[in-house]
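[1] Output the structure for:
(chains A and B)
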Amino acid sequence: DQQVKQNSPSLSVQEGRISILNCDYTNSMFDYFLWYKKYPAEGPTFLISISSIKDKNEDGRFTVFLNKSAKHLSLHIVPSQPGDSAVYFCAASEGGGADGLTFGKGTHLIIQP
Amino acid sequence: DAMVIQNPRYQVTQFGKPVTLSCSQTLNHNVMYWYQQKSSQAPKLLFHYYDKDFNNEADTPDNFQSRRPNTSFCFLDIRSPGLGDAAMYLCATSRGLTGATNEKLFFGSGTQLSVL
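    Predicted structure coming up:
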């Protein structure tokens, strides 16, 4: 039973436009949410995170929004650049996170010129 | 640069032949994790070490074992690999400081295991 769901296996966006990646979760005990980016043949790298006490966190071109009542978060990338083409994983943890993260299946973002 | 290093990048083993995957870290983090990721699937946590304390996930098969001889190194042992164990194996670390919240995981590049 998947606790973190990314329902779009892939997303194609034109360079310069906004990319919106979505993630839903079912475990109401999750209190920390992260996005990781993964290039082929590399491990996932941390991108941005948000605590459940916030509804928005911004870092440069990347913004994560959290809607706790809907158990939904999204990652916005503006403007999208060719180097953003990668697989993006949504992840969540409860109680600090030292027990590990629960991941979604990932969304493959393709930025088209 | 401080990092998480996994060796080898690609590992081929035979059905039923024991195999060991290695991970080392220079971050001096307390916690080390092993994840299994099959194609187009979510990375799945197998187990983790909080310092020397071993924590096994409930659904991790007995075929998978782990060792952490010191802070820097962690090994994944697959005693009798089956065809279904072919996957990417990711090692990760986190600080694991007492009372810390909002832990981020730092990943190695992974070992792609093939079982023939």
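
[2] For the chain, give me the ranges with low pLDDT.
    Since you didn't name a chain, this refers to chain A. Applying pLDDT under 70 to chain A flags the ranges A:96-97.

[3] Oops, wrong one, chain B.
    Across chain B (using pLDDT under 70), the flagged ranges come out as B:1-2, B:98-100.

[4] Ramachandran coordinates for the residue nearest the centre of it?
    Taking Cα atoms, centre = their mean, the centroid of chain B lies closest to B:Trp34, which sits 2.4 Å from it. Dihedral pair for B:Trp34: phi -120, psi 130, per degrees, to the nearest 10.

[5] do A:Pro82 as well
    Dihedral angles (degrees, to the nearest 10) for A:Pro82: phi -60, psi -40.

[6] which non-adjacent residue is nearest it?
    Using Cβ to Cβ, 6 or more residues apart in numbering or on different chains and skipping residues adjacent in sequence, the residue nearest A:Pro82 is A:Ile111, 5.2 Å away. Every C-beta, even on glycine, is put in place using the N, C-alpha and C of the backbone.

[7] For burial, what's the neighbour tally of the one you found?
    By the criterion of other Cβ atoms under 10 Å in any protein chain shown, A:Ile111 has 21 neighbours.

[8] Can you name the residues bridging to A:Val87?
    Beta-bridge pairing for A:Val87 (DSSP bridges): A:Lys38, A:His108.

[9] returning to what we had before: surely the residue nearest to the centre of chain B meets B:Cys74?
    Yes - between B:Trp34 and B:Cys74 there is a contact under Cβ atoms under 8 Å: 7.2 Å.

[10] shared neighbours of the two, which are they?
    Contact criterion Cβ atoms under 8 Å, 6 or more residues apart in numbering or on different chains; residues shared by B:Trp34 and B:Cys74: B:Cys23, B:Ser66, B:Cys91.

[11] Pipe those into a markdown table and attach distance to B:Val115 and neighbour count per row.
    Output for these, formatted as a markdown table (distance: Cβ to Cβ, whole Å; neighbours: other Cβ atoms under 10 Å in any protein chain shown):
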| residue | distance to B:Val115 | neighbour count |
| --- | --- | --- |
| B:Cys23 | 20 | 26 |
| B:Ser66 | 19 | 21 |
| B:Cys91 | 19 | 27 |
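
[12] nearest to A:Leu75, of these?
    Of all these, A:Leu75 sits closest to B:Cys91, with 24.9 Å by Cβ to Cβ.

[13] And the strands in chain B?
    Taking DSSP state E as the test, the strands found in chain B are B:4-7, B:10-13, B:19-25, B:31-37, B:44-50, B:53-56, B:64-67, B:73-78, B:87-94, B:106-107, B:111-115.

[14] Between those, which one is closest to A:Lys54.
    strand B:87-94 (20.7 Å).

[15] Now the closest one: buried residues?
    Buried residues in strand B:87-94, counted by 16 or more other Cβ atoms under 10 Å in any protein chain shown: B:Ala87, B:Met88, B:Tyr89, B:Leu90, B:Cys91, B:Ala92, B:Thr93, B:Ser94.

[16] Thanks a lot, see you next time.
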